[in-house]
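J.: I'll drop the sequence and a predicted model, then ask my questions.
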Amino acid sequence: MRIYHSLEELEEYPDRRRVVAIGVFDGVHRGHQLILKEAVASAQDRGDVATAVTFHPHPEAVLRPRMAPRVLTLLPRKAALIAALGVDELVVVKFDRDFARLSPEDFCRVVLSEHLGAGLVLVGENFRFGYKGSGSPSDLEAYGRTHGFVVRAVPLAWEGGEAISSTRIRALLKGGYVREAERLLGRPHRLEGVVVEGAHRGRTLSAPTANLAPDPEVAVPGHGVYITRTFLEGYGVHPSVTSVGTNPTFEVDRKLRVETLLLDFSGEVYGAHMAVDFLERLRSQQKFADVERLRRQIQHDVEIARGYWEARAYLLAEDVSGEGALL
């Protein structure tokens, strides 16, 4: 998949037009996947180019920075997930105050007509665009009728009587409901980053951990202990248990820590890139009266995790191309 970081970079196709899927696509969840897959299928039928258009940074980070949500996927991860769906090219439009001031008509003219040369445009049925989100799919359709492209509004995907949305997934993650979030995403939620040095207490607890420094812009599951699957650069994929929280038994600074215990693994991995998929919540964060009680609880957590992995070893051997790649 080719990636363009501005509209001005776009290549022209004299003999083909673009089938354009537009959205923030944060998380590339099952609803987003419907739009993107339809764009790919339509482009193949028409002999055109399947193009995804997204915005960076997240519009809310520009329009309401104090209320901006943590994202489900950073741009490199988002791009990899979109590429895995068969999209030919991704256009990353810089979202800033000037872009936000475009009227719906100017948005259509500048983005869709002048730069993209769209033949077919696909959006979610709740898509809004232009100044203060005043444009709707029906406005897109009206513009398309006079400028030579067709618009298709894709119905929302539903799960459990409620529409799938990035906002809903963030709320599930905040509550620690990672399995429910996985159903809406179509894959486990992932944190990734570099392994950093911790306080080395894990060795004294017979449970040395790899401490992850996740990007502060990414949504983190609620405080608790989770069964996880970990991709470690240079060491492959491993069953694991991950603690997310402030480590209240020892720490008083209330700093968020993501500590992963890799089962049946030993070695120094500082500086390595690590990606952690959250599969199941084991328990909430707890403050223990002493180190021995914490040690026993960790042993219990590990025993439960081993039982989980004995029944689901296929999760470590499945084809994770596009999913397991460390970005």
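T.: Okay, I see it.

J.: so, low pLDDT: which residues of the stretch 201-327 of the chain?
T.: Where the stretch 201-327 of the chain drops to pLDDT under 70, the residues are 201-207, 248-253, 289, 318-327.

J.: ok, which stretches of it are strands?
T.: Applying DSSP state E, counting those that start in this stretch to the stretch 201-327 of the chain gives strands spanning 210-214, 224-232, 236-245, 257-262, 273-284.

J.: what about residue 75, neighbour count?
T.: For residue 75, the count of nearby residues is 17 (other C-beta atoms under 10 Å). (Each C-beta comes from the backbone N, C-alpha and C, glycine too.)

J.: ok, and the closest non-adjacent residue to it?
T.: Closest residue to residue 75 apart from its sequence neighbours, by C-beta to C-beta, 6 or more residues apart in numbering: residue 56 at 5.5 Å.

J.: do you know how far that neighbour is from residue 242?
T.: 28 Å (C-beta to C-beta, to the nearest Å).

J.: looking at the two, which one has more neighbours?
T.: Ranked by neighbour count (other C-beta under 10 Å), residue 56 and residue 242 place residue 242 first, with 27 against 16.

J.: is it correct that that one is in contact with residue 260?
T.: Yes - using C-beta atoms under 8 Å, residue 242 is in contact with residue 260, at 4.5 Å.

J.: what sits against the nearest residue to residue 139 once chain neighbours are set aside?
T.: Distance criterion C-beta to C-beta, 6+ apart; nearest residue to residue 139, sequence neighbours excluded, is residue 104 at 5.1 Å. By C-beta atoms under 8 Å, 6 or more residues apart in numbering, the residues touching residue 104 are 129, 130, 131, 134, 135, 139, 143.

J.: again, only this time at 10 Å
T.: 128-136, 139-140, 142-143 (C-beta atoms under 10 Å, 6 or more residues apart in numbering).

J.: how far away is the residue most central in space within the chain from residue 188?
T.: For the chain, the residue nearest the mean C-alpha position is residue 73 (2.8 Å; C-alpha atoms, centre = their mean). Applying C-beta to C-beta, the value for residue 73 to residue 188 is 12 Å.

J.: same question for residue 19.
T.: 30 Å.

J.: more neighbours: the two, which one.
T.: Ranked by neighbour count (other C-beta under 10 Å), residue 19 and residue 188 place residue 19 first, with 30 against 19.

J.: the host helix or strand of the more buried one - which strands sit beside it in the sheet, and in what orientation?
T.: Following DSSP states H and E, one finds residue 19 within strand 18-22. With DSSP bridges as the test, strand 18-22 is paired with strand 49-56 (parallel), strand 118-124 (parallel).

J.: now for the ones you listed, which one comes closest to residue 99?
T.: strand 49-56 (8.0 Å; C-beta to C-beta).

J.: packing partners of the helix or strand that the closest one is followed by?
T.: Downstream of strand 49-56, the first helix or strand assigned by DSSP H and E is helix 59-63. Applying 3 or more C-beta pairs under 10 Å, 6 or more residues apart in numbering; DSSP states H and E, one finds that helix 59-63 contacts helix 97-100.

J.: for the helix it packs on, what is the distance to the chain centroid?
T.: Remark: helix 97-100 is offset 24 Å from the chain centroid, using C-alpha atoms, centre = their mean, to the nearest Å.

J.: what about that helix, average pLDDT?
T.: Helix 97-100 carries an average pLDDT of 95.

J.: what's the answer for stretch 48-66, then?
T.: In this model, stretch 48-66 has a mean pLDDT of 95.

J.: surely residue 101 is in contact with residue 134?
T.: No - using C-beta atoms under 10 Å, residue 101 makes no contact with residue 134, being 11.4 Å away.

J.: so the lengthiest helix in the chain versus strand 236-245, what angle?
T.: In the chain, taking DSSP state H as the definition, the longest helix is helix 291-311. Helix 291-311 runs at 140 degrees relative to strand 236-245, counting by axes from the mean of the first three to the mean of the last three C-alpha atoms, to 10 degrees.

J.: picking up where we left off before, quick check: phi and psi on the residue nearest to residue 139?
T.: Dihedral angles phi and psi of residue 104 (degrees, to the nearest 10) take the values phi -50, psi -40.

J.: distance of it from residue 135?
T.: Distance of residue 104 to residue 135, computed by C-beta to C-beta: 3 Å.

J.: are there residues contacting both of these two? Which ones?
T.: Shared contacts of residue 104 and residue 135, counting by C-beta under 10 Å, 6+ apart, come down to 128, 129, 142, 143.
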